[in-house]
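Peer 1: Next input, structure requested:
(2 chains)
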Protein chains: 2
Amino acid sequence: MFTLYEFASSGNCYKLRLAMAQLDIPFQRIEKDITRGETRSAEFLAINPNGRIPVLVTPDNRVLPESSAALWYLARDSKLMPEDPFQQAQVLQWMFFEQYNHEPNIATSRYWIHVLGEQEKYAEALAEKQQKGHDALAVMETHLSDRDFFVGRDYSIADIALYAYTHVAGQGGFSLDAYPAIRGWLERVERQPGYVAMEA
Amino acid sequence: MFTLYEFASSGNCYKLRLAMAQLDIPFQRIEKDITRGETRSAEFLAINPNGRIPVLVTPDNRVLPESSAALWYLARDSKLMPEDPFQQAQVLQWMFFEQYNHEPNIATSRYWIHVLGEQEKYAEALAEKQQKGHDALAVMETHLSDRDFFVGRDYSIADIALYAYTHVAGQGGFSLDAYPAIRGWLERVERQPGYVAMEA
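Peer 2: The predicted structure follows:
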């Protein structure tokens, strides 16, 4: 069975839980509380020297950090991955966009406000992230204005990767009021077979 | 023929030039000076709404932003990609690590200091990026302590992705003196067939 080292309120970990639910892949969960430094212990650094969750461990005990790499591994040759190689590259394009332009702004703001409850402590940094986060949302809004999902015609791990922190953007101080195409897409994602909600 | 929209002193663009040189893929280059806002023009935003280089355009005119996605597309089924699916996921693991933990610290510092020449203007932000950049280098040093390349036994696009900004880390104020395993790996990368140097 797969093992997922994770933190329940992390969107990066939720991406893998959602994909495994939709692919009917059984897995066990091991919680590591990042707010208590549990991913920086000597024991955990032996699993992932980068000290981050999620980490996916395969049934034959191979260890894979990085949520997007683990998503790709789980979804390759599945209904969550297009068959065409160029569309596969576009899936990666949006997953790299998510990790570079979206997550460091929207997820980090959500972490400070919603998970740590330290909005005032991080007020200055939060203000800096507003513009960059909205820039990322605007790129998504434009792209979704004439299509149902991010790549091709079908739901894929590109949608899972972007859904995880977009649907809780409000918890990071990002209103989605100005993004009707994004809101329609969130509803389409939530109607996919096997959809499971985030937990925290 | 492939077309590469790029900025010559960008390491993200160099990754694609190096891979295409090593894969004997002919391409034409179109320079966009990011210091003059040339990737934020209406003309360029029609090519990449995210306003960033590189953008790879295929011979049949399909457009692919994101350096790492383009690297994956060019290198799939080539000598620069391992055959084993788990190792392919590990290649992506290191490419996502590069874009999340390495590039935003080391490349951004290099951009402020070396490309823009504005070290004093960005002094405070540069100081913040020192620790995170060295954290990323330390993860690389540990990983390379008992292997020649990042994934499996062979040189791959994971090495290209990490080489681009590591070999010019000094231009961003990051000394590699404390990282002998990284320095040995840089030399191995530079001995690979078809290696071409960065230009600026």
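Peer 1: Need the residues that contact the lowest-mean-pLDDT helix or strand in chain A.
Peer 2: The weakest-scoring helix or strand in chain A, judged by mean pLDDT, DSSP states H and E, is helix A:42-47 (a mean of 94). Contact with helix A:42-47 is made by A:5, A:32, A:38, A:51, A:55, A:63, as judged by Cβ atoms under 8 Å, 6 or more residues apart in numbering or on different chains. Where C-beta positions appear, they are placed from N, C-alpha and C, glycine not excepted.
Peer 1: With stretch A:134-145 instead?
Peer 2: By Cβ under 8 Å, 6+ apart, stretch A:134-145 touches A:97, A:101-102, A:105-106, A:150, A:162, A:166, A:169, A:174, A:176, A:178-182, A:184-185, B:49-50.
Peer 1: can you do 7 Å?
Peer 2: For stretch A:134-145, the external contacting residues (Cβ atoms under 7 Å, 6 or more residues apart in numbering or on different chains) are A:101-102, A:105-106, A:150, A:162, A:174, A:179, A:181-182, A:185, B:49-50.
Peer 1: now stretch A:76-86
Peer 2: Residues outside stretch A:76-86 that contact it (Cβ under 7 Å, 6+ apart): A:19, A:22-23, A:75, A:88, A:91, A:151-152, A:154, A:156-157, B:62, B:73, B:76, B:85.
Peer 1: switch the cut-off to 8 Å
Peer 2: With Cβ under 8 Å, 6+ apart, stretch A:76-86 has contacts from A:19, A:22-23, A:72, A:75, A:88, A:90-91, A:151-152, A:154-157, A:160, B:58, B:62, B:64, B:73, B:76, B:85.
Peer 1: among the residues you listed, which ones are buried?
Peer 2: Neighbour counting by 16 or more other Cβ atoms under 10 Å in any protein chain shown classes A:19, A:22, A:72, A:75, A:88, A:90-91, A:151-152, A:155-157, A:160, B:58, B:64, B:73 among the contacts of stretch A:76-86 as buried.
Peer 1: For the least confident helix or strand of chain A, buried residues please.
Peer 2: So, applying 16+ other Cβ under 10 Å, buried residues of helix A:42-47: A:44, A:47.
Peer 1: Would you mind finding the longest helix in chain A?
Peer 2: helix A:123-144 (DSSP state H).
Peer 1: Can you list which of the contacts of stretch A:76-86 are found in strands?
Peer 2: The strands, defined by DSSP state E, take in B:L64 from the contacts of stretch A:76-86.
Peer 1: Kindly export whichever strand or helix holds A:Y165 (C-alpha atoms) in CSV.
Peer 2: Assigned by DSSP states H and E, A:Y165 belongs to helix A:157-166. Provided in CSV are the C-alpha atoms of helix A:157-166 (Å, rounded to 0.1, in the frame of the first residue of the first chain):
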residue,chain,number,x,y,z
ILE,A,157,-4.0,16.5,-12.4
ALA,A,158,-3.5,20.1,-13.7
ASP,A,159,-7.0,20.9,-12.4
ILE,A,160,-6.3,19.1,-9.1
ALA,A,161,-3.0,21.0,-8.6
LEU,A,162,-4.7,24.4,-9.1
TYR,A,163,-7.9,23.5,-7.4
ALA,A,164,-6.3,22.7,-4.0
TYR,A,165,-5.4,26.2,-3.0
THR,A,166,-7.8,28.2,-5.3
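Peer 1: What is the subsequent helix or strand relative to that helix?
Peer 2: Per DSSP H and E, helix A:157-166 leads on to helix A:180-190 as the next helix or strand towards the C-terminus.
Peer 1: just to revisit the earlier point, give me the buried subset of the contacts of helix A:42-47.
Peer 2: For these, buried by 16+ other Cβ under 10 Å: A:5, A:32, A:38, A:51, A:55.
Peer 1: Next up, the contacts around the third one.
Peer 2: By that I understand A:E38. A:32, A:44.
Peer 1: where's A:V196 relative to chain B, distance?
Peer 2: Remark: distance between A:V196 and chain B (Cβ to the nearest Cβ, to the nearest Å) = 23 Å.
Peer 1: nearest to B:Y111, of the contacts of helix A:42-47?
Peer 2: A:G51 (26.2 Å; Cβ to Cβ).
Peer 1: a strand runs through the closest one, doesn't it?
Peer 2: No. Under DSSP: H, G, I helix; E, B strand; the rest coil, A:G51 falls outside any strand and is assigned coil.
Peer 1: contacting residues around it?
Peer 2: A:39-40, A:44-45.
Peer 1: Spit out the contact partners of A:A125.
Peer 2: By Cβ under 8 Å, 6+ apart, the neighbours of A:A125 are A:W112.
Peer 1: same check, this time on A:K32
Peer 2: A:5-7, A:38-39, A:44, A:53.
Peer 1: from those residues, which ones fall inside helices?
Peer 2: Using DSSP H, A:F44 are the members of the contacts of A:K32 that sit in helices.
Peer 1: Keep only those of the contacts of A:K32 that are in strands.
Peer 2: Per DSSP E, the contacts of A:K32 map to strands at A:5-6.
Peer 1: Show me how the record splits chain A into domains.
Peer 2: A:2-75, A:85-190 (automatic domain parsing).
Peer 1: Could I get those domains in a markdown table, plus columns for distance to B:M1?
Peer 2: Shown next, in a markdown table, are the domains of chain A (distance: least, Cβ to Cβ, whole Å):
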| stretch | distance to B:M1 |
| --- | --- |
| domain A:2-75 | 29 |
| domain A:85-190 | 16 |
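Peer 1: And the ones you listed: which comes nearest A:M198?
Peer 2: A:M198 lies closest, by Cβ to Cβ, to one member of the domains of chain A: domain A:2-75, at 4.7 Å.
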